[in-house]
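Trainee: Got a predicted model here, sequence first, then my questions.
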Amino acid sequence: MTDLPDIDAILTGRITEGQKLDFKRKVDLEDKASKVSIVDDVVAFLNADGGHILIGIDEDRKTSTVSLCPVTGDVDSFCLRLQDAIKSNIAAKPSDLTVNAIPVEGGSVVYIDLGRNNNKPYTNMMNSRYLQRRGRKNEGLLPGEVKALYETRSKLMDGLAARSKRHLDEISEEGILTLDCPMMHISILPFAHLIHDFPPFEARKGALERKGFSPPHGSYEAFERVTGGHEVRAIDLNGHMISRFFVGDDWYVHSIFCHPIPFKQGEGRVDFIEMLVEISHHFTNIENFFKKEGIHGPFALDINLVNLHSRDHFVTLFQRVKSVSMGRPSYMEAVRGADLAKTVVDRIRQASIYG
């Protein structure tokens, strides 16, 4: 979230409306025109650089004076209703958006906080408008500008498909996968991949300290240089690789996770709770890795569980499928470990006899 502007500074004219700040006297959620207007404002900010929209501040542009027009009544309820009205009427769904209130004399100033949202372009589904904040104004995007924003999404999705195929071919040629077992492949391509002068991943912190990662089934290990990037591996007692986390010089990320489905041999069942914990832990580690490296969305992501029938008990449990995918690759603003893990486990459950 972004820093909240100071109300006193706004009232004294030291902070004014601009690229990242807008004032609204009131918003009436029972009035369709008012609701359309506030969604338009949010869409315009989302398609620019984010910012704040403050409700309960009246600006007289003729005299350049600003005064309070506080929101009264059940402000908490209003904030929840406003947030729901905004999110339910915008496509794609913004992830970094909150609505809160600041107590002031006579009531509250409600502020819409628009942080980092990169899943552009956004549109108001109530009127199908694409808008962008430019200075103090919201201006409609031209068809060519909308197309350019969609092309960024296409480039990232197409880039993930091509990069994943090339990487899997390289893995096959290197012969690093020696186990015949169920395994999960996670492929992620962040927006940084499209920025040609973006610095590559650096595995060192200073002259001596090396960065590391905790792969599934393994402990925290330092990254090692390999062809095209850096990796961390976990090896079992027989010398077989059971997990690998790879970061390419171009910020392509690929994770291999062997034995992702815990099976209780004596009970003849899958332990979905343990699976959720393990997968959530791994995805959260990936989420935190991106945060530490300052890598922001959007991200293209693909997850596939393959080779299920390499184990006899999974032939019975997954009678209809030999592999499980999440469908089409996803395009998302942020990698949220817990949410991703739940989606993956739900999909695995649906593909099994338990589904």
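Mentor: Received it, and whenever you're ready, just let me know what you need.

Trainee: is it true that Leu308 touches Val321?
Mentor: Yes - here Leu308 reaches Val321: they are 6.8 Å apart, a contact under C-beta atoms under 8 Å. Using the backbone N, CA and C atoms, a C-beta is placed for each residue, glycine as well.

Trainee: who has more neighbours, the two?
Mentor: Comparing Leu308 with Val321 by other C-beta atoms under 10 Å, the one with more neighbours is Leu308, at 21 against 15.

Trainee: Go ahead and list the helix or strand containing Asp58.
Mentor: strand 57-60 (DSSP states H and E).

Trainee: in that strand, what's buried?
Mentor: For strand 57-60, burial by neighbour count (16 or more other C-beta atoms under 10 Å) applies to 57, 59.

Trainee: Can you name every helix or strand that it contacts?
Mentor: On a contact count with 3 or more C-beta pairs under 8 Å, 6 or more residues apart in numbering; DSSP states H and E, strand 57-60 meets strand 21-24, strand 65-68.

Trainee: for the stretch 151-300 of the chain, which spans come out with low pLDDT?
Mentor: 206-207 (pLDDT under 70).

Trainee: can you map out the helices along the stretch 101-250 of the chain?
Mentor: Taking DSSP state H, counting those that start in this stretch as the criterion, the stretch 101-250 of the chain carries its helices at 143-174.

Trainee: where along it do the strands fall?
Mentor: Taking DSSP state E, counting those that start in this stretch as the test, the strands found in the stretch 101-250 of the chain are 107-114, 123-124, 131-134, 137-140, 183-190, 204-205, 209-210, 212-213, 221-222, 224-226, 229-235, 241-248.

Trainee: Please name whichever of the ones you listed is nearest to Ile279.
Mentor: strand 183-190 (7.9 Å; C-beta to C-beta).

Trainee: tell me the contacts of Lys26?
Mentor: Taking C-beta atoms under 8 Å, 6 or more residues apart in numbering, we find Lys26 in contact with 34, 55-56, 69, 71.

Trainee: Nearest to Ser128 among those?
Mentor: Set against Ser128, the nearest of those by C-beta to C-beta is Ser34 (18.4 Å).

Trainee: Mind listing the residues bridging to Val110?
Mentor: Beta-bridge partners of Val110, counted by DSSP bridges, are Ile55, Ala101.

Trainee: For burial, what's the neighbour tally of it?
Mentor: 23.

Trainee: repeat for Glu105
Mentor: 6.

Trainee: check contacts around it.
Mentor: 68, 70.

Trainee: Let me know the pLDDT of it.
Mentor: The score at Glu105 is 92. That number is its pLDDT.

Trainee: how much space between it and Gly56?
Mentor: Glu105 is 11 Å from Gly56, where distance means C-beta to C-beta, to the nearest Å.

Trainee: Ser154 now?
Mentor: 41 Å.

Trainee: Same question for Phe198.
Mentor: From Phe198 to Gly56 the distance is 40 Å (C-beta to C-beta).

Trainee: and what of Ser164?
Mentor: Taken as C-beta to C-beta, the span from Ser164 to Gly56 is 49 Å.

Trainee: who's more crowded, these two?
Mentor: Shown here are Ser164 and Gly56; by other C-beta under 10 Å, Gly56 has more neighbours (25 against 20).

Trainee: circling back to that earlier point, now do the shared contacts for Glu105 and Gly56.
Mentor: 68, 70.

Trainee: First-to-last residue distance for stretch 203-221?
Mentor: For stretch 203-221, the first-to-last residue distance is 12 Å (C-alpha to C-alpha, to the nearest Å).

Trainee: So what touches it?
Mentor: 202, 222-223, 225, 230, 232-236, 242-245, 255, 257-260, 278, 281-282, 285, 289.

Trainee: wait, Pro200 sits on Val247?
Mentor: No - with contacts counted by C-beta under 8 Å, Pro200 stays clear of Val247, the gap being 9.1 Å.

Trainee: Pick out whichever of the two has more residues nearby.
Mentor: Taking other C-beta under 10 Å, Pro200 and Val247 do not tie; Val247 has more neighbours (26 against 13).

Trainee: mind listing what the more buried one touches?
Mentor: 201, 223, 229-231, 253.
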